[in-house]
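> structure for the following, please:
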Amino acid sequence: MNYKEKIGTKETPLKLKTPPLSSEYTMHVDEKDGKEILVCTVGKTILHYDIRCLNDLHEMLKKHGDWIELGSKDEKVATKEGTVEHWGRSSSNPLGGWYGLKKNFRGRFGMYIPPLMEALGLAEVTHEKRNNKMKAL
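A predicted model of the protein is given here:
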């Protein structure tokens, strides 16, 4: 999949909403150190994620086969095992650790990546006030 074409660039980012549909943010593809990354802009906060997370998370969700809790947390907050957030920083994921690339801004994987995957047609995400989940399509 050509992610840059589907997600957009800095000039034409993809507009998304958090799973509870309470906040807007943008996502686009950029390059850092010669590699494509996802750039998530939430207000004035900018987060970077390894673009490989999209394929890796989709594969994990397909193997899981059912709904999985998002469990979004800030970087310094412990995660609940068995959540998307926990997987996104686990030494047992394909990357062997964090998909978030900016120190002190590596968390919230479970908040910002699932809506992007939903927009790309890779996953379904619930949109409740709390405790949202996702599964592969």
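> got phi/psi on the residue nearest the centre of the chain?
Central residue of the chain (C-alpha atoms, centre = their mean): Ile113, 1.7 Å from the mean position. The phi/psi pair for Ile113 (degrees, to the nearest 10) reads phi -80, psi -40.
> distance check, the closest residue to it other than its chain neighbours against Arg130.
Closest residue in space to Ile113, ignoring its immediate chain neighbours: Cys53 at 6.0 Å, by C-beta to C-beta, 6 or more residues apart in numbering. To be clear about C-beta, it is placed using only N, CA and C from the backbone, and glycine gets the same treatment. To Arg130, Cys53 is 23 Å away according to C-beta to C-beta, to the nearest Å.
> for this protein, what spans make up the helices?
With DSSP state H as the criterion, the chain has helices at 3-7, 53-64, 84-87, 109-119.
> tell me how far Tyr25 lies from Leu16.
6 Å.
> His64 too?
23 Å.
> please apply the same query to Asp33.
From Asp33 to Leu16 the distance is 25 Å (C-beta to C-beta).
> again, but for Leu101
Distance from Leu101 to Leu16, counting by C-beta to C-beta: 19 Å.
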